[in-house]
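In: prediction below, plus the sequence it came from.
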Number of protein chains: 2
Amino acid sequence: MGAMTADSTDARPTYQGVRTGGRSARVRSAVLAATVDELRTVGYADLSIPRIAKAADVAVTTIYRRWPHKSQLLGEVVSTVVAASVLEPDLGSIEDDLMALARSVAAVLTEPTMLMLLRSVLSLTNDEFHELTTRHWHERHAVATRMVGRAVDRGEIPPQPDPKRVVETVTAAIWLRAFVTHGALDEPALRGLVDDALIIARHRPAS
Amino acid sequence: MGAMTADSTDARPTYQGVRTGGRSARVRSAVLAATVDELRTVGYADLSIPRIAKAADVAVTTIYRRWPHKSQLLGEVVSTVVAASVLEPDLGSIEDDLMALARSVAAVLTEPTMLMLLRSVLSLTNDEFHELTTRHWHERHAVATRMVGRAVDRGEIPPQPDPKRVVETVTAAIWLRAFVTHGALDEPALRGLVDDALIIARHRPAS
DNA sequence: AGGCTAACGCAATCCGAGTTGCCTTAGCAA
DNA sequence: TTGCTAAGGCAACTCGGATTGCGTTAGCCT
């Protein structure tokens, strides 16, 4: 492979440096910020690299070199933003936990910028994204399982054959309403969803 | 405004003709078919009008004149395709009805072309689409309400404070799994969703 | 059948995204 | 500091999607 300028004896690693600090870091964050801005205003389909470049005060070339495809740029934006959005409430009762979760999910899916971002991601079919979302949901399922597990330990609900179903009942409806149905997502609506989830949790016949 | 060639006296509607049959109809359906094809292969973001034109054996100009924006073309495709997808099973029991519904929804959301089409629609934020989807879901909610109403009449379940919630419990989970979670949508999975919906329907305290 | 004109087709043109080669700037290590 | 070189900037170029003007075809009405 490599025809790097490496002396015959391997010992000294002749300048392997990758520059991640200083200018590079500034450019990176400027571009990501500008991208979020563009996404919010025009959406992913008409995302224009030249416009992003201008907004970030960066040369077009630079962006194309670091992110050969638009989807890669979007990927980096998403993973930095989404990372912070997985929370695990532990308020001492399953009802409170579910309500806290419902509120946070609804808040995220109602916020315009985030909504646009997620719309963009969902419209993609790349493999990288498939993997990224799969990993993300594994995490969330783990969180859900633990949350329900604690409720079972406390004796609030009987053991569940599929713990994540309890949480899914709540989140699925929120997603559907936020994205396609445009249904209600106010406090009483969320309350109703949590109630339903609890009914399922309490009355499901043991498998 | 208009400097149309209209004689002073308004009476006679001087040739208001809009030609919808013959050639126009042929072109229309050819373009729509070609669009579905393109959508399936490359997706909405990189949808190329020139390629559609070639595939449909139609001049590029024609497409741009009839559908000034890509989104309008997509809109027409979607509304012709989606129209046929609202079914109302009436099999004599709420369980069978829900299963039939679940199967059909899962089938639609699993079929690659349809999935791509819906992804495209969801990535848009146009007002026209907002209205289109709102209307569509009004229909579906009406169907759901009737279906649940019949079950109540048969005495299978008690009267519901919000009938469409019963159906939403099933469809929401299917949507979430198909679009974002990549969760299971096989027969037992659907069965589980229907069971949960029925638990809610039977045990929800009357409002 | 005849004529009016909506709708289509063709070709030239415009415009902006994406690409490439080369030069300049500025991290980083010695 | 000094020097090496990653990483960024600049400008010219390519390519294909979008637009426009004008001639041609073929619905539809009388």
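Out: Okay, I see it.

In: stretch A:184-202 - what's its average pLDDT?
Out: The average pLDDT within stretch A:184-202 is 97.

In: again with stretch A:38-52
Out: When pLDDT is averaged over stretch A:38-52, the result is 90.

In: and for stretch A:130-142?
Out: Taken as a whole, stretch A:130-142 has an average pLDDT of 89.

In: just give me the neighbour total for A:Met147.
Out: By the other CB atoms under 10 Å in any protein chain shown criterion, the neighbourhood of A:Met147 contains 21 residues. No exception for glycine: its C-beta is placed from N, CA and C like everyone else's.

In: how about it: what's its closest non-neighbour residue?
Out: Distances taken as CB to CB, 6 or more residues apart in numbering or on different chains put A:Asp97 closest to A:Met147, at 5.4 Å, once the chain neighbours are dropped.

In: can you tell me the centre-most residue of chain A?
Out: The centre of chain A sits closest to A:Val82, judged by CA atoms, centre = their mean, with a distance of 3.3 Å.

In: helix, strand or coil: sort out the nearest residue to that one once chain neighbours are set aside for me.
Out: Take A:Val82 and drop its neighbours on the chain: the residue closest to it by CB to CB, 6+ apart is A:His136, 6.5 Å away. Here A:His136 is helix, with the state taken from DSSP: H, G, I helix; E, B strand; the rest coil.

In: what about A:His136, how many neighbours?
Out: A:His136 has 18 neighbouring residues, counting by other CB under 10 Å.

In: do the same with the one 3 residues further on
Out: Residue crowding around A:Glu139 was assessed by other CB under 10 Å; the count is 12.

In: that one contacts A:Val86, correct?
Out: Yes. Using CB atoms under 8 Å, A:Glu139 and A:Val86 qualify as a contacting pair, with a distance of 5.7 Å.

In: what sits in contact with each of those two?
Out: Any residue near both A:Glu139 and A:Val86 by CB atoms under 8 Å, 6 or more residues apart in numbering or on different chains counts here, and not one turns up.

In: follow-up on the earlier one: show the backbone phi and psi for the residue nearest to the centre of chain A.
Out: phi -70, psi -30 (degrees, to the nearest 10).

In: DNA strand C contacts on chain A?
Out: Taking CB under 7 Å from any atom of the strand, the part of chain A that reaches DNA strand C is made up of A:17, A:19-24, A:48-51, A:60-61, A:64, A:68, A:70.

In: and those residues, which is closest to B:Arg177?
Out: Distances from B:Arg177 to the residues of chain A next to DNA strand C, taken as CB to CB, are shortest for A:Lys70 (27.1 Å).

In: quick check, pLDDT for the closest one.
Out: With respect to pLDDT, A:Lys70 scores 91.

In: report the separation between it and B:Leu176.
Out: Computed with CB to CB, to the nearest Å, the distance linking A:Lys70 and B:Leu176 is 26 Å.

In: for the nearest residue to A:Glu156 once chain neighbours are set aside, the count of nearby residues, please.
Out: Take A:Glu156 and drop its neighbours on the chain: the residue closest to it by CB to CB, 6+ apart is A:Ile94, 5.0 Å away. Applying other CB under 10 Å, we find 21 other residues in the vicinity of A:Ile94.

In: do A:Lys54 as well
Out: Neighbours of A:Lys54 (other CB under 10 Å): 13.

In: mind giving me the packing neighbours of the strand or helix carrying it?
Out: With the criterion set as DSSP states H and E, the secondary-structure element containing A:Lys54 is helix A:49-56. The criterion is 3 or more CB pairs under 8 Å, 6 or more residues apart in numbering or on different chains; DSSP states H and E, and the helices and strands that helix A:49-56 contacts are helix A:22-42, helix A:60-66.

In: and B:Leu39, which of those is closest to it?
Out: Nearest to B:Leu39 among these is helix A:22-42 (20.6 Å), distances taken as CB to CB.
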